[in-house]
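Enquirer: here's a sequence, model it:
(one chain, ligands or ions: 2)
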Amino acid sequence: MALLTLEGTACRLEYLNEGGANFVFRILPQSAEELPTRLRKKLLRLRKEFVNNPDVLLAGEETWQAIFPAENLIQHDLIALPPTIEVINDLLHDVKNRPTHRTNDFWEGGTHGVLVTDMSPGLDGRLVELKPKWLAQSPNAPAGATRCRTCALRAQREVEKGIVTATDRQRSCPLDLVSEDVASRKLAADRLTDDERVQEYLVTAALPLLRTMQRYQQTWDPNGVLAPDVGPDAHGLSKAMTLRDCTLFVLVRSHGEVEARLGDLDMKGLDKLERWRVIEQGLGDGGWYMDIVTLYQ
Ligand SMILES: O=P(O)(O)O[C@@H]1[C@@H](OP(=O)(O)O)[C@H](OP(=O)(O)O)[C@H](O)[C@H](OP(=O)(O)O)[C@H]1OP(=O)(O)O
Ligand SMILES: Nc1ncnc2c1ncn2[C@@H]1O[C@H](COP(=O)(O)OP(=O)(O)OP(=O)(O)O)[C@@H](O)[C@H]1O
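Expert: Ligands and ions are numbered 1, 2, ... in the order given. Prediction:
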């Protein structure tokens, strides 16, 4: 637990979770008093890496707000922090349930954090986190491809490197998730989650959201990472790649109502372009877009 003052209120932070780039904390009042409205039902997300300009923490916000309904986005609210680096890192030292491969990560400090919509399920809800991934085929896939970009990469990774990521484990095809055919959508949803209410949501009410994601993945990256000159499309490519890796948080409340919001929409930098190109080239050259490689699995 870490004690600090936010919005003039004495708060305590509890570690919730972390990914490669951010720590996420619950915000609780130190005493019996209520939290100020701004902090209520919010989590504090801290970028692990030191960020000089706090605006970077909100990069892309306007882009996402322009294409998705507010009710489908994790809301972000930049908040100034008191000098807290030691308090946070002392807390991280004490946490027992951190992912083992991240226990050497500590907060590099910073003047600001981001308050995000709290999608925690509480005592009587359920939260399912999933990545819809590449909802349209890669523009660089060969003609006649029988695997989509996500399925091709999964097959390559498993066979060549023996690596199965959390997303891979779901074995769901993103193209099925946005298919016109309801049976295909159902198959994809069943593989993404065991939760029947979330399956139902994905197959029906989630479609407009998923199709918007699909549409913008295509619009923003019409030529693919192997296009000889991505210069003019560079910002579009960043946006498309970010949308291809974001997380959909699906919260089922006690009476079955579903709240679904996209998060992890931190804009990907083009410093990754070379890596993306190597991946795409490898998928094509290795025949991973073609089912034939299944023979070797
Ligand atoms: O390459 P992909 O499609 O497997 O996506 C990577 C993700 O893998 P997964 O969703 O588990 O299959 C991967 O997720 P994990 O670390 O495996 O949880 C990252 O999100 C990675 O992005 P970045 O390099 O950290 O910015 C993601 O890389 P990019 O989106 O930058 O390609
Ligand atoms: N708004 C939220 N509500 C509930 N839980 C959340 C929320 N945001 C993050 N989390 C939890 O914290 C974890 C890590 O958060 P997040 O995905 O933001 O980290 P990250 O470092 O950006 O991830 P990545 O490794 O993909 O870069 C999530 O997987 C989720 O379990």
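Enquirer: write out the residues of the stretch 1-150 of the chain neighbouring ligand 1.
Expert: When proximity is defined as CB under 6 Å from any ligand atom, the stretch 1-150 of the chain approaches ligand 1 at 20, 131. Bear in mind the C-beta positions are built from the backbone N, C-alpha and C, glycine included.
Enquirer: for the residue of the stretch 51-200 of the chain found nearest ligand 2, which non-adjacent residue is closest in space?
Expert: Ranking the residues of the stretch 51-200 of the chain by distance to ligand 2 (CB to the nearest ligand atom) places Met119 first, at 3.4 Å. Closest residue to Met119 apart from its sequence neighbours, by CB to CB, 6 or more residues apart in numbering: Phe249 at 4.3 Å.
Enquirer: what about the residue of the stretch 51-200 of the chain closest to ligand 2, distance to ligand 1?
Expert: According to CB to the nearest ligand atom, to the nearest Å, Met119 stands 18 Å off from ligand 1.
Enquirer: that residue contacts Asp264, doesn't it?
Expert: No. The pair Met119 and Asp264 fails to qualify as a contact (CB atoms under 8 Å) at a distance of 11.6 Å.
Enquirer: among those two, which residue is more densely surrounded?
Expert: The residue with the greater number of neighbours, taking Met119 and Asp264 and applying other CB atoms under 10 Å, is Met119; the counts read 20 against 17.
Enquirer: if I pick that one, what's in contact with it?
Expert: Remark: with contacts taken as CB atoms under 8 Å, 6 or more residues apart in numbering, Met119 is in contact with 74, 127, 249, 251, 259, 261, 263.
Enquirer: rerun that using 7 Å as the cut-off
Expert: Residues near Met119 by CB atoms under 7 Å, 6 or more residues apart in numbering: 127, 249, 251, 261.
Enquirer: for Asp90, give me the pLDDT.
Expert: The confidence metric pLDDT takes the value 95 at Asp90.
Enquirer: where do the strands of the stretch 101-250 of the chain begin and end?
Expert: Per DSSP state E, counting those that start in this stretch, the stretch 101-250 of the chain has strands spanning 112-117, 126-130, 247-252. These are given in chain order.
Enquirer: what is the last one packed up against?
Expert: To tie it back to what came earlier, the one meant is strand 247-252. Applying 3 or more CB pairs under 7 Å, 6 or more residues apart in numbering; DSSP states H and E, we find strand 247-252 packed against strand 126-130, helix 196-203, strand 258-263.
Enquirer: with the second one instead?
Expert: Using 3+ CB pairs under 7 Å, 6+ apart as the contact criterion, the elements in contact with strand 126-130 are strand 247-252.
Enquirer: rerun at 8 Å
Expert: Judged by 3 or more CB pairs under 8 Å, 6 or more residues apart in numbering; DSSP states H and E, the packing partners of strand 126-130 are helix 196-203, strand 247-252.
Enquirer: list the buried ones in stretch 227-236?
Expert: Of the residues in stretch 227-236, those buried under the neighbour-count criterion (16 or more other CB atoms under 10 Å) are 227, 230, 233, 236.
Enquirer: kindly check the end-to-end length of that stretch for me.
Expert: Between the start and the finish of stretch 227-236 there is a gap of 13 Å, counting by CA to CA, to the nearest Å.
Enquirer: and what of stretch 73-81?
Expert: With CA to CA as the measure, the ends of stretch 73-81 fall 24 Å from one another.
Enquirer: so it, near ligand 2 or not?
Expert: Yes. Using CB under 6 Å from any ligand atom, a contact is recorded between stretch 73-81 and ligand 2, made by Ile74.
Enquirer: centre of the chain versus that stretch, how much separation?
Expert: Using CA atoms, centre = their mean, to the nearest Å, we find the averaged C-alpha position of stretch 73-81 to lie 16 Å away from the chain's own average C-alpha position.
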